[in-house]
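Asker: Just a sequence and a predicted model for now, questions to come.
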Amino acid sequence: MKVVRSLFNAVVPAIGAIALTVASALSQEKAVVIPAPAVGPSASQATSEVAVFAGGCFWGVQGVYQRVKGVTSAVSGYAGGEKNTAKYEIVSRGGSGHAESVRVTYDPRQISYGRLLQVFFSVVHDPTTLNRQGPDVGTQYRSAIFPSNAEQETIAAAYIAQLNQARVFRNPIVTKIELDRPFFDAERYHQDYLIHNQSDPYILYNDLPKIAELKRVFPELYLSKPVLAGSR
């Protein structure tokens, strides 16, 4: 039995590595290299700020931002709808007004809001697909930005205009900027899902390639050890 278990422990990681290589090759989740925002935030003495992004299933969005230097927390949740409908069984059916979202808390001394937007448009998702990311379809998977203040709204709007004008994507960006919409934490079992479920076929095919692309396109931002939401 010990011999069998040893063989199993040796073979499974190897199979996982091969599967990840194949998934990365087959996945369409390739980053688009884009310019940095021309409009940036004003000088601030703040040590912590918050940004909220929606770009498809929150497992992958959270997983990417958990590996970005300067990010101190990335929490999966819902934004765009009301508190009483901020539940997975309701949001997943569509029609709640919510989008699966991630609240990113970051240190602006280490990373700017503009850089977070650059990662969002380049690595996190395809901002040109309307109400869809990969296999997930519906308004709950829309591309959206929920600004925390007027400056974030200005920077996001200017960056979308900049990228559209530069035509860095084949199609126009459909990302919506949605104002004054509160964020609600998702259920506990959704937090850190990518980190704890890397053998899940969905994660393997749709999300792990995004982590690889983050490391490839933004090596200076890549964290080898992710920030866990569970450590809040």
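Answerer: Noted; the coordinates are in hand. Residues are numbered from 1 along each chain as shown.
Asker: Sketch out the low-pLDDT regions of this protein for me.
Answerer: Scanning the chain for pLDDT under 70 picks out the ranges 1-29, 230-232.
Asker: Pick out the residue closest to the middle of it.
Answerer: When the chain is reduced to its mean C-alpha position, the nearest residue by CA atoms, centre = their mean turns out to be Val61, at 1.8 Å.
Asker: secondary structure class for that one?
Answerer: What DSSP: H, G, I helix; E, B strand; the rest coil gives for Val61 is helix.
Asker: Compute the number of surrounding residues for Thr129.
Answerer: Neighbour count of Thr129, defined by other CB atoms under 10 Å: 16. Where you see a C-beta, it was placed from the backbone N, CA and C, and this is true even at glycine.
Asker: hmm, who's touching the helix or strand hosting Tyr202?
Answerer: Following DSSP states H and E, one finds Tyr202 within helix 201-202. Under the contact criterion CB atoms under 8 Å, 6 or more residues apart in numbering, helix 201-202 has outside partners Cys57, Trp59, Pro135.
Asker: Would you list the buried entries among those?
Answerer: Buried members of the contacts of helix 201-202, counted by 16 or more other CB atoms under 10 Å: Cys57, Trp59.
Asker: what would the contacts of helix 201-202 look like in CSV with distance to Ala79?
Answerer: Compiled in CSV, the contacts of helix 201-202 are given as follows (distance: CB to CB, whole Å):
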residue, distance to Ala79
Cys57, 14
Trp59, 16
Pro135, 22
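Asker: Go through the contacts of helix 201-202 and say which is closest to Glu82.
Answerer: Glu82 lies nearest to Cys57 out of the contacts of helix 201-202, by CB to CB, at 21.3 Å.
Asker: List the beta-bridge partners for the closest residue to that closest one other than its chain neighbours.
Answerer: Sequence neighbours aside, Asp136 is the residue nearest to Cys57 in space, at 5.5 Å (criterion: CB to CB, 6 or more residues apart in numbering). For Asp136, the beta-bridge partners are Gln133 (DSSP bridges).
Asker: same question, Ala79
Answerer: With DSSP bridges as the rule, Ala79 is bridged to Ala99, Phe183.
Asker: Correct me if wrong: the residue nearest to Cys57 contacts Gly56.
Answerer: Yes - taking contacts as CB atoms under 8 Å, Asp136 lies within contact range of Gly56: 5.8 Å.
Asker: between the two, which one's more packed in?
Answerer: Between Asp136 and Gly56, counted using other CB under 10 Å, the more crowded position is Gly56 (26 against 16).
Asker: give the contact list for the more buried one.
Answerer: So Gly56 contacts Glu100, Val124, His125, Arg132, Gln133, Gly134, Asp136, Tyr141, Ser143 (CB under 8 Å, 6+ apart).
Asker: ok, so of those, who is nearest Gln110?
Answerer: Nearest to Gln110 among those, with distances taken as CB to CB, is Val124, at 18.7 Å.
Asker: I'd say the closest one and Gly60 touch.
Answerer: Yes - look at Val124 against Gly60 with CB under 8 Å: they come within range, at 7.3 Å.
Asker: tell me, what's touching these two both at once?
Answerer: Common neighbours of Val124 and Gly60, using CB under 8 Å, 6+ apart, are Lys210.
Asker: picking up where we left off before, right, and the helix or strand after the helix holding Tyr202?
Answerer: helix 208-217.
Asker: okay, that following helix in CSV with CA atoms only?
Answerer: What follows is helix 208-217, C-alpha atoms only, in CSV (Å, rounded to 0.1, in the frame of the first residue of the first chain):
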residue,chain,number,x,y,z
LEU,A,208,-4.7,29.4,-14.2
PRO,A,209,-3.6,30.7,-17.6
LYS,A,210,-4.5,34.2,-16.4
ILE,A,211,-2.0,33.8,-13.6
ALA,A,212,0.6,32.7,-16.1
GLU,A,213,-0.1,35.7,-18.2
LEU,A,214,0.1,38.0,-15.3
LYS,A,215,3.6,36.7,-14.5
ARG,A,216,4.6,37.0,-18.2
VAL,A,217,3.3,40.4,-19.0
